[in-house]
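Chemist: Sequence below, structure please.
(one chain, ligands or ions: 1)
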Amino acid sequence: MEILRTIKEVREFKRANRDAPLVLVPTMGALHEGHTSLMKIGKALKGKMIVSIYVNPLQFGPDEDLDNYPRQQKEDIEICRSDGAAAVFLPDDEVMYPGERFTAVRVGSLQDHLCGAGRPGHFDGVTTVVAKLFNIIEPTHAVFGLKDFQQYMIIKKMVEDLDFPIEIIGGEIIREAGGLAMSSRNKYLSPEERKRALNINLALTYIAEGSADGKLSADALISDAIAKYLSGIRIDYLDIYDSKNLKPVPRDLPLKGDLVAAGAFFVGSTRLIDNMRYTIR
Ligand code: AMP
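Modeler: Predicted coordinates for the structure are as follows:
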């Protein structure tokens, strides 16, 4: 497996592997089974797989955890090796953002709700770095996790709008025993907080199953879920959205169509996100 640190090294790697499909799995490192599930999908495409590991400062707000974000480069490289990556791209800030920046990529209304509402600039940071990775690596395929469903939707739209010749593939959410969605940020949780965090999955399951029952409105389902499960957890947002355009569904009408119950929650000072997608006919 090759370790690539500069754009020139990526280009050389590409020249040497010209004819194979090239699959990119972009990550911020601190790799866990959520990431390795994406690598499995990448490997099944039978091309060459590049995993990028870069903690992108552009997508962190001023009060967020950029400096403390878990970094474990050695372990991550070994995980990529044993999961069949042909190369790991490990750029630093000098490689990704040399000099003054003038250009950013912004995908409009898909970022009005969910995480976009409370993290101004976050998705502009994500789309800008992903567009750069796409231009540097020129993959034929890229794999993103559906845990970050809004991110997945925004990247898909960016690719469509800007005509990137790249197929975007979504990987299902991988959960720990008990249902907590795997996340690099789970490392911040104390044992007690980890236990408390299991309620996030219970609340989303309650909302999704209750929606299928057809008797309760979004309003009723959400307030019941909060009362039953989320008393010890600070809610950043929690709602039911149309999963095609990420707009909140009407709060008082019967639920119908392709939906996603999604939320962000603070367990202690750790911000966790999760979602559940489902269809009501
Ligand atoms: P991150 O390193 O957190 O930026 O995540 C890199 C990629 O892994 C993103 O596409 C995430 O959606 C995906 N990912 C993170 N956690 C999970 C999970 N529990 N299940 C599936 N994909 C995940």
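Chemist: pLDDT wise, what is Leu66 at?
Modeler: As summarised for this prediction, Leu66 has a pLDDT of 98.
Chemist: how close does it get to the ligand?
Modeler: Look at Leu66 and the ligand: by Cβ to the nearest ligand atom, to the nearest Å, they are 13 Å apart. Using the backbone N, CA and C atoms, a C-beta is placed for each residue, glycine as well.
Chemist: Is Asp76 in contact with Ser52, as I believe?
Modeler: No. Using Cβ atoms under 8 Å, Asp76 and Ser52 do not qualify as a contacting pair, with a distance of 10.9 Å.
Chemist: Tell me which of those two has more neighbours.
Modeler: Neighbour totals were compared for Asp76 and Ser52, and Ser52 leads with 26 against 20 (other Cβ atoms under 10 Å).
Chemist: what's near enough to touch the more buried one?
Modeler: Residues counted as contacts of Ser52 (Cβ atoms under 8 Å, 6 or more residues apart in numbering) are 24-27, 88-91, 133, 137.
Chemist: Which ones among these also lie next to the ligand?
Modeler: Cross-checking those against the ligand (Cβ under 6 Å from any ligand atom) gives Thr27 as the overlapping residues.
Chemist: out of the contacts of Ser52, which are inside strands?
Modeler: Among the contacts of Ser52, the members falling in strands are 24-27, 88-89 (criterion: DSSP state E).
Chemist: out of these, who has the most neighbours?
Modeler: For those, neighbours were counted by other Cβ under 10 Å; the highest total belongs to Val25, with 30 neighbours.
Chemist: Name the nearest residue to Met182, ignoring sequence neighbours.
Modeler: Beyond its immediate neighbours in the sequence, the residue positioned closest to Met182 (Cβ to Cβ, 6 or more residues apart in numbering) is Gly34, lying 4.1 Å away.
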